[in-house]
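Peer 1: Kindly generate the corresponding structure for this input.
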Amino acid sequence: MKLSDKDFEALRDFIYSICGIYFHANKKYFLESRVERRMAEVKAATPAEYLTVLKSPMAKTGELKKFLDEVTTNETCFFRNPAQLAAVEKKILPELIEAKGKIGFRKLKIWSAGSSSGEEAYTMAMILLEKCAPTMKDWSIEIVGTDINETVLAQAREGIYSPYSVRNTPEFYRKKYFTPEEGGRFALSPAVKKLVNFTNLNLYEDTKMIFMKSFDLIFCANVLIYFDIAAKSKIIQHFYNNLQPYGYFFVGQSESLHGVNDKFKTVYFPGAFAYKK
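Peer 2: From the prediction side, this is the model:
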């Protein structure tokens, strides 16, 4: 199905108004295939009719979520960025644990924003279990994974992964924290799963973002590329507000806050970087 320019612009603007994701004209083909599938499912005769369905009050808990699942893409794996993880493991976590231990505030909060099927959040859980558990007795650990896509959130909660998802997982971690299943899939250890809570969150929705408070580490890798400057600026300001004064904010290694936010300061590590207040 081919979308007319008018229908494409109407759907694009609607998506932007809901979640801040902006589809440029060169992504029209991508939107066409997704819209065609959903139109067939709800028996909408035209894109304009389908847009009316999306805007209806009933769509907010049903068709709208299914549509957003279709138009949001998810590509991730365990232990995705070794240099970034090395900085967290060797420098940042020991620093946070020591500082918070001295003031008697034994709680660590980590947020994986745009968590997809959970690999990033679970990677942090495994690192904490393996590298920090002996020095974190009686600590409260809260790891939150958020995404707008309900399908991938369900996959994250299930904790069953393909060989592709675990392809970068060091053998030690794979043997200790995964159980092979039929079909070559891997089931994540319950000890890891219980450290992470997954919830639906639209990064563009101010009323939800303001409640994501007091995080020590925030990860938002390869998510901001889907937003325009205005949407990025709004979302980054929320991350800034929700980060502890001593906390660290990570984006993808090919991303930058240059021209988006000048409040964060860049901190460099071997092969990686992060942002601080």
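
Peer 1: Helices of the stretch 151-277 of the chain, start to end?
Peer 2: For the stretch 151-277 of the chain, applying DSSP state H, counting those that start in this stretch gives helices covering 171-177, 190-193, 206-209, 229-242.

Peer 1: Go through those helices and name the closest to Arg37.
Peer 2: The closest of those to Arg37 is helix 229-242. By C-beta to C-beta, the value is 25.4 Å. For every residue, glycine as well, the C-beta is placed using N, CA and C.

Peer 1: quick one: the most far-flung residue of the chain relative to its centre and Glu63, what's the gap?
Peer 2: Farthest-out residue of the chain from its mean C-alpha position, per C-alpha atoms, centre = their mean: Ala45, at 34.2 Å. Here the distance between Ala45 and Glu63 works out to 15 Å (C-beta to C-beta, to the nearest Å).

Peer 1: Also Asp138?
Peer 2: Remark: distance between Asp138 and Glu63 (C-beta to C-beta) = 47 Å.

Peer 1: And Val152, by the same measure?
Peer 2: If you go by C-beta to C-beta, the gap between Val152 and Glu63 works out to 18 Å.

Peer 1: Ok, Ala191 next?
Peer 2: 38 Å.

Peer 1: Neighbour count: these two, which is higher?
Peer 2: Glu63 (18 against 12; other C-beta atoms under 10 Å).

Peer 1: OK, contacts around that one?
Peer 2: Glu63 makes contacts with Arg38, Val42, Val53, Leu54, as judged by C-beta atoms under 8 Å, 6 or more residues apart in numbering.

Peer 1: which SSE is the last one in?
Peer 2: Secondary structure here is read from DSSP states H and E; on that basis Leu54 sits in helix 47-55.

Peer 1: what does that helix contact?
Peer 2: By C-beta under 8 Å, 6+ apart, the residues outside helix 47-55 that reach it are 3-4, 7, 10-11, 14, 35, 38-39, 42, 44, 59, 63-64, 67.

Peer 1: how about that helix as CSV, C-alpha atoms only?
Peer 2: Included here for helix 47-55 are C-alpha records, laid out as CSV according to Å, rounded to 0.1, in the frame of the first residue of the first chain:
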residue,chain,number,x,y,z
PRO,A,47,-5.4,5.5,6.1
ALA,A,48,-7.6,8.4,7.1
GLU,A,49,-10.2,6.0,8.6
TYR,A,50,-7.4,4.2,10.4
LEU,A,51,-6.1,7.5,11.9
THR,A,52,-9.6,8.1,13.2
VAL,A,53,-9.5,4.7,14.9
LEU,A,54,-6.1,5.6,16.5
LYS,A,55,-7.5,8.9,17.8
